[in-house]
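Engineer: After the sequence you'll find the predicted model.
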Amino acid sequence: VTRYTLTLREDHDERLRALVMPRDGNEGAALILCGTASILADPWDGIPTLKLVSREVVPIGDEDLVSSSPAHITCRTNTFARALKRAASEGLTVGFVHSHPRGHTGFSPKDDSEEPLLVELAQHRNGLDAKVLSVVLTPDEGAVGRIWHDMSRYSPLSMVLVVGDTVRLSFDGRFQGQTPKAFHRQALAFGQALCADLAALRVVVVGCGATGSATSLLLARLGVRRLALIDGDPADETNLSRTHGLRMKDVSAGKLKVDVLKDHIQDLGLGTQVLAFPHWVGTPECRDVLRASDIVFGCTDDNDGRLLLNRLAYFYSIPVIDMGIRIDPSDDDPPRILEAAGRVTVVAPGTRCLLCRNVIDPERAREEQIKRENPEEHARQLGEGYVRGGGPSPAVITMTTEVACMAVDELIQRLTGYRAAGSRSQRVRKYHLLEDKRPGSREQECRICVDQGYWGRGDVEPFLDRVG
Ligand SMILES: [Zn+2]
Ligand SMILES: [Zn+2]
């Protein structure tokens, strides 16, 4: 049995609510076009999964509205037919979205009898593989949905996720069950919904060094139950000063960072299911886990890897919470700290990307690619001065751990909305000044974050439209 989920961009959710819950109290309706992520087997539970990702909201034109009351809506199908045409040519799925201002919080008997007519139309036009999504927005900011396979069969959506400045989850049983005892103290702060949401999310941490180890442990202790770690590097002795969970005997045994961290988290006994991917994030082995995830934390110094995560955020509407620190010591002996800063950036459709925020150095990304794919060529170019070398950069555990706390706190904020000051798409903490700053981004054309061609596109060939 396949699992179906829907990821709705927050601005789409707001627009849809305005369209389907008009102030006159009558029922309204709208369409959405969705990209898809088709995952053969979810890495955590093995279940085949189809994730729909909202790409565009299509209002139903007034000329299509026949009649509407608080209890029903009747539309002609012209707008639907035009949407089907686009869906066929761009490989998208059409969704019908409406509300029940009074009465049913789920689908009504009338929905059950009328939606098959839309399915018939869709399959008549786009072939028997065409599926139709149907969503009912509920007044409590939630949503229920189902996907029709043919005129008589449908599957319910197991989760609807709204992502943007907030991250909102709708799924069956969210308010049932008890918060496990281990999480009682944080439930005193946020209630049991946070615990239920964290338990439902799939979270990937890319990089298992200083910031990645701190981030993973914070997530596990908060109550994230499905965690995946990506890092291809072995642990070395210089990591011991700031990698949580790492021991000298792990280094001596030549263990990989992902394996050490995975074992350490599982030993906590919180029931966290941790998957370890001992690969560079850009390898095909990591694709399914990235596509299956709901949230990604970027904890690497790797510019080329960040380029990939930067695209992932827009193609699949998966918020990428990226972090880094920078310490600038002077050349004096002993050095003075000229600047020490920790940065957290949240990348998703509607915000500027890591390139526009000067977080990624494309030239460095190219050098990293040469080094990874052709170490001899890299050594030659280094000798001839065509690529920059790079010694280890300064790092201090208090700063790397603090930036991990800031990053995970940004997730808590988006799930709970606890901050009076709201969410932040970028925050830089200047440790040497005891100040937080909000640097802006470069105002420039950008294929990724300004042009919306990639947003909600889902699966394409090649993956993320990345060549090489
Ligand atoms: Zn209805
Ligand atoms: Zn950009």
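Structural biologist: Right, received. Where do you want to start? Numbers count the residues shown, from 1 in each chain. Ligands and ions are numbered 1, 2, ... in the order given.

Engineer: Tell me the helices and strands packed up against the strand or helix carrying residue 415.
Structural biologist: Secondary-structure element containing residue 415, defined by DSSP states H and E: helix 397-416. With contacts defined as 3 or more CB pairs under 8 Å, 6 or more residues apart in numbering; DSSP states H and E, the secondary structure elements packing on helix 397-416 are strand 167-170, helix 192-200, helix 210-222, strand 295-298, strand 320-329, strand 337-347, strand 426-430. C-beta here means a position set from N, CA and C on the backbone, and glycine is covered the same way.

Engineer: tell me the mean pLDDT over the fourth one?
Structural biologist: Read that as strand 295-298. Averaging pLDDT along strand 295-298 gives 98.

Engineer: which residues touch it?
Structural biologist: Taking contacts as CB atoms under 8 Å, 6 or more residues apart in numbering, the residues outside strand 295-298 that touch it are 167, 201-207, 212, 215, 219, 290, 305-306, 309, 312-313, 318-323, 407-408, 411.

Engineer: and the stretch 151-300 of the chain, which residues reach ligand 1?
Structural biologist: Applying the criterion CB under 5 Å from the ion, no portion of the stretch 151-300 of the chain neighbours ligand 1.

Engineer: Need the per-residue pLDDT for residue 468.
Structural biologist: According to the prediction, residue 468 has pLDDT 60.

Engineer: Which stretches in the stretch 1-150 of the chain count as helices?
Structural biologist: Counting by DSSP state H, counting those that start in this stretch, one finds helices in the stretch 1-150 of the chain at the ranges 10-20, 78-90, 109-126.

Engineer: Of all those helices, which one comes closest to residue 144?
Structural biologist: Distances from residue 144 to each of the helices of the stretch 1-150 of the chain were compared using CB to CB; the minimum, 10.6 Å, belongs to helix 109-126.

Engineer: follow-up on the earlier one: tell me which of the helices and strands packed on helix 397-416 is the most buried.
Structural biologist: Highest mean neighbour count of the helices and strands packed on helix 397-416: strand 295-298, a mean of 28 (counted as mean count of other CB atoms under 10 Å).

Engineer: phi, psi of the one residue in the stretch 151-300 of the chain that gets nearest to ligand 1?
Structural biologist: When scored by CB to the ion, the stretch 151-300 of the chain has residue 154 as its residue closest to ligand 1, at 14.0 Å. Backbone dihedrals for residue 154, given as degrees, to the nearest 10, come out at phi -140, psi 160.

Engineer: That one touches residue 131, doesn't it?
Structural biologist: No: Residue 154 lies out of contact with residue 131 (CB atoms under 8 Å); the separation is 9.1 Å.

Engineer: got any ranges where this structure has weak pLDDT?
Structural biologist: Low-confidence regions of the chain, defined here as pLDDT under 70, cover residues 70-72, 103, 468.

Engineer: Show me the residue of it that gets nearest to ligand 1, please.
Structural biologist: Each residue of the chain has a distance to ligand 1, by CB to the ion, and the smallest belongs to residue 111, at 4.1 Å.

Engineer: For that residue, give its distance to ligand 2.
Structural biologist: Going from residue 111 to ligand 2 by CB to the ion, to the nearest Å gives 40 Å.

Engineer: likewise residue 332?
Structural biologist: For residue 332, the distance to ligand 2 equals 38 Å [CB to the ion].

Engineer: Count the neighbours of that residue for me.
Structural biologist: Using other CB atoms under 10 Å as the criterion, residue 332 is surrounded by 7 other residues.

Engineer: residues contacting it?
Structural biologist: Counting by CB under 8 Å, 6+ apart, residue 332 touches no other residue.

Engineer: next one: residue 372
Structural biologist: Contacts here follow CB under 8 Å, 6+ apart; on that basis residue 372 touches 280, 304.

Engineer: thinking again about what came up before, now the helix holding residue 415: buried residues?
Structural biologist: Judged by neighbour count (16 or more other CB atoms under 10 Å), helix 397-416 contains these buried residues: 399-416.

Engineer: again, but for stretch 282-301
Structural biologist: Within stretch 282-301, the residues that qualify as buried by neighbour count (16+ other CB under 10 Å) are 282, 286-301.

Engineer: And it, end to end?
Structural biologist: By CA to CA, to the nearest Å, the extent of stretch 282-301 from end to end equals 14 Å.

Engineer: So which residue of this structure lies furthest out from the middle?
Structural biologist: If you look at how far each residue of the chain sits from its centre, by CA atoms, centre = their mean, the farthest one is residue 333, at 43.9 Å.

Engineer: For residue 276, what are phi and psi?
Structural biologist: The phi and psi values for residue 276, taken as degrees, to the nearest 10, are phi -110, psi 130.

Engineer: Residue 66: neighbour count?
Structural biologist: As a burial measure, residue 66 scores 9 neighbours (other CB under 10 Å).

Engineer: tell me the centre residue of this protein?
Structural biologist: Residue closest to the average C-alpha location in the chain (CA atoms, centre = their mean): residue 318, at 2.1 Å.

Engineer: for it, helix, strand, or coil?
Structural biologist: Following DSSP: H, G, I helix; E, B strand; the rest coil, the label given to residue 318 is coil.

Engineer: Spit out the contact partners of it.
Structural biologist: Residue 318 sits next to 7, 163, 290, 293, 294, 295, 296, 312, 348 when contact means CB under 8 Å, 6+ apart.

Engineer: cool, residue 160 as well?
Structural biologist: Under the criterion of CB under 8 Å, 6+ apart, the neighbours of residue 160 are 5, 6, 7, 8, 135, 142, 143, 144, 145, 169, 170, 171.

Engineer: Same check on residue 326?
Structural biologist: With contact taken as CB under 8 Å, 6+ apart, residue 326 is in contact with 339, 340, 341, 343, 393.

Engineer: Same check on residue 292?
Structural biologist: Contacts of residue 292 by CB under 8 Å, 6+ apart are 37, 39, 42, 43, 44, 49, 51, 202.
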